[in-house]
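Peer 1: Sharing a model prediction with you, sequence too.
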Amino acid sequence: MEYLTSWPSPAKINLFLHINGRRPDGYHELQSIFVLFDKGDTLDISPRTDNAINITPDLGFPVEKNIVYKAAKLLMEHTGRKFGADIHINKNIPMGGGLGGGSSNAATALVALNLIFGLGLSEDELAEIGRRLGADVPVFVRGRSAFAEGVGEILTPVTVEEQYYLIATPTDTAVSTAEIFNHPELPRNTPKLSLAEVCFSNTRNDCEKLVKKYYPKVAKTLSWLLQYAPSRMTGTGASCFACFADEKAALAAFENIPNDMRGFVAKAVNVSPLKVAADKYSRSNQKI
């Protein structure tokens with residue numbers, strides 16, 4: 001039987017990021033809007049006849065620490081089912097950029113393996129498994145741009161303007177999320193907004209000032225983008241984005257990207273390419 005072998009793993013940005021407080025367990029209360037893109041990584045997944053999970057390429061650390069491997073193992077534990085797969089990750093999303101690459105890869109693995117092996121888990125179940133892997137995983141599992149609250153797990157689907165974004169990331173720069181969230185200079189008292197109050201002009205990224213201070217390449221990237229359009233850092237960095245009304249303007253700016261940065265142009269979407277692929281797969285009732 002034929003089945004989909006290449007699964008989308010889209011990038012995202014945090015349109016803003018407000019830190020509202022720190023909880024007794026050390027996690028932070030936050031508010032954000034996750035904007036999903038039409039571009040990102042892809043995962044090529046091929047079932048195996050044994051129960052081995054093989055991940056490529058080698059990222060330089062034990063496979064047991066790979067979030068995609070962890071996702072597969074959690075599915076096995078949750079369902080009591082054994083299965084095997086070769087999973088090749090085609091990386092386009094910069095690591096450590098705040099674009100959700102690892103979280104998106106984990107979500108794609110959860111969604112795809114659930115369908116390929118007919119595990120029968122609901123979206124809610126997959127999102128809960130994803131939450132154990134990382135706070136950003138559930139939004140990719142659900143596949144909708146969303147307003148996020150709590151530690152990022154309380155998601156309300158929103159309709160975002162499907163405009164174009166130029167994403168720029170300084171080369172050889174990765175920002176540690178743990179470092180930023182544990183830093184004493186991080187603001188932690190931004191008042192909460194209702195969804196109706198949220199707009200680009202009255203929001204900000206609470207991590208941006210701190211990251212710019214300690215990562216001058218991020219500051220330079222943001223300064224370059226601001227020449228062209230409203231811009232902001234996403235998540236805890238190092239990637240930054242600029243918003244454009246049309247693709248032509250975004251591509252024109254992208255042509256001038258400095259040699260010490262890399263980037264891409266993507267369109268914001270309300271429904272992710274992963275969800276579109278998963279829904280199509282489900283309708284076709286393809287299983288092995």
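Peer 2: On my side now, so go ahead. From a predicted model like this one, the values you see are computed outputs, not experimental measurements.
Peer 1: And the next helix or strand past the lengthiest strand in the chain?
Peer 2: In the chain, taking DSSP state E as the definition, the longest strand is strand 28-48. Per DSSP states H and E, the first helix or strand lying C-terminal to strand 28-48 is strand 53-56.
Peer 1: list the helices and strands that next one packs on?
Peer 2: helix 67-79, strand 84-90 (3 or more CB pairs under 8 Å, 6 or more residues apart in numbering; DSSP states H and E). Using the backbone N, CA and C atoms, a C-beta is placed for each residue, glycine as well.
Peer 1: mind checking which of those is nearest V211?
Peer 2: V211 sits nearest to helix 67-79 of all these, at 22.7 Å, using CB to CB.
Peer 1: Show me where the stretch 51-200 of the chain has its helices.
Peer 2: 67-79, 101-116, 123-133, 137-142, 177-181 (DSSP state H, counting those that start in this stretch).
Peer 1: For L36, find the nearest of these.
Peer 2: Closest approach to L36 among these (CB to CB): helix 137-142, 7.6 Å.
Peer 1: buried set for stretch 265-272?
Peer 2: Neighbour-count burial for stretch 265-272 flags V265, A266, A268, V269, N270, S272 (criterion: 16 or more other CB atoms under 10 Å).
Peer 1: Which members of those define the maximum pairwise distance?
Peer 2: V265 and N270 (18.2 Å).
Peer 1: Can I get stretch 177-189 in CSV, CA atoms only?
Peer 2: Extracted as CSV, the C-alpha positions of stretch 177-189 are listed here (Å, rounded to 0.1, in the frame of the first residue of the first chain):
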residue,chain,number,x,y,z
THR,A,177,16.6,29.2,26.0
ALA,A,178,17.6,28.0,29.5
GLU,A,179,20.2,30.6,29.9
ILE,A,180,17.9,33.5,29.0
PHE,A,181,15.0,32.3,31.1
ASN,A,182,17.2,31.8,34.1
HIS,A,183,19.0,35.2,33.7
PRO,A,184,18.4,37.6,36.6
GLU,A,185,18.0,40.5,34.1
LEU,A,186,15.0,39.0,32.3
PRO,A,187,11.8,41.0,32.8
ARG,A,188,9.2,38.8,34.5
ASN,A,189,6.4,41.2,35.3
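Peer 1: Under the pLDDT cut-off, which ranges of the stretch 1-150 of the chain? List them.
Peer 2: Flagging of the stretch 1-150 of the chain using pLDDT under 70 yields the residue ranges 1-4.
Peer 1: Among the helices and strands packed on strand 53-56, which comes closest to L115?
Peer 2: Nearest of the helices and strands packed on strand 53-56 (CB to CB): helix 67-79, 11.3 Å.
Peer 1: Now do the closest one: distance to the chain's middle.
Peer 2: Offset of helix 67-79 from its chain centre (CA atoms, centre = their mean, to the nearest Å): 19 Å.
Peer 1: could you give the angle of it to helix 101-116?
Peer 2: 40 degrees (axes from the mean of the first three to the mean of the last three CA atoms, to 10 degrees).
Peer 1: Could you report the neighbour count for the nearest residue to D246 once chain neighbours are set aside?
Peer 2: Excluding its sequence neighbours, the residue lying closest to D246 (CB to CB, 6 or more residues apart in numbering) is Y164, at 6.5 Å. Using other CB atoms under 10 Å, Y164 has 22 other residues around it.
Peer 1: If we only consider the buried residues of stretch 265-272, which is nearest to V151?
Peer 2: S272 (21.1 Å).
Peer 1: Excluding chain neighbours, what is closest to that closest one?
Peer 2: In this structure, S272 finds its nearest non-sequential neighbour in G143, 4.0 Å apart by CB to CB, 6+ apart.
Peer 1: pretty sure that neighbour is touching V269, no?
Peer 2: No. Contact criterion CB atoms under 8 Å: G143 and V269 do not qualify, at 9.4 Å.
Peer 1: intersection of neighbour lists for these two?
Peer 2: Contact criterion CB atoms under 8 Å, 6 or more residues apart in numbering; residues shared by G143 and V269: L36.
Peer 1: Which ones among the buried residues of stretch 265-272 map onto strands?
Peer 2: V265, A266, A268, V269.
Peer 1: Any chance of TSV for these, columns distance to A249 and pLDDT?
Peer 2: As requested, those are exported to TSV (distance: CB to CB, whole Å; pLDDT from 0 to 100):
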residue	distance to A249	pLDDT
V265	10	98
A266	14	98
A268	15	98
V269	19	98
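Peer 1: middle-most residue in this protein, spatially?
Peer 2: G100 (2.4 Å; CA atoms, centre = their mean).
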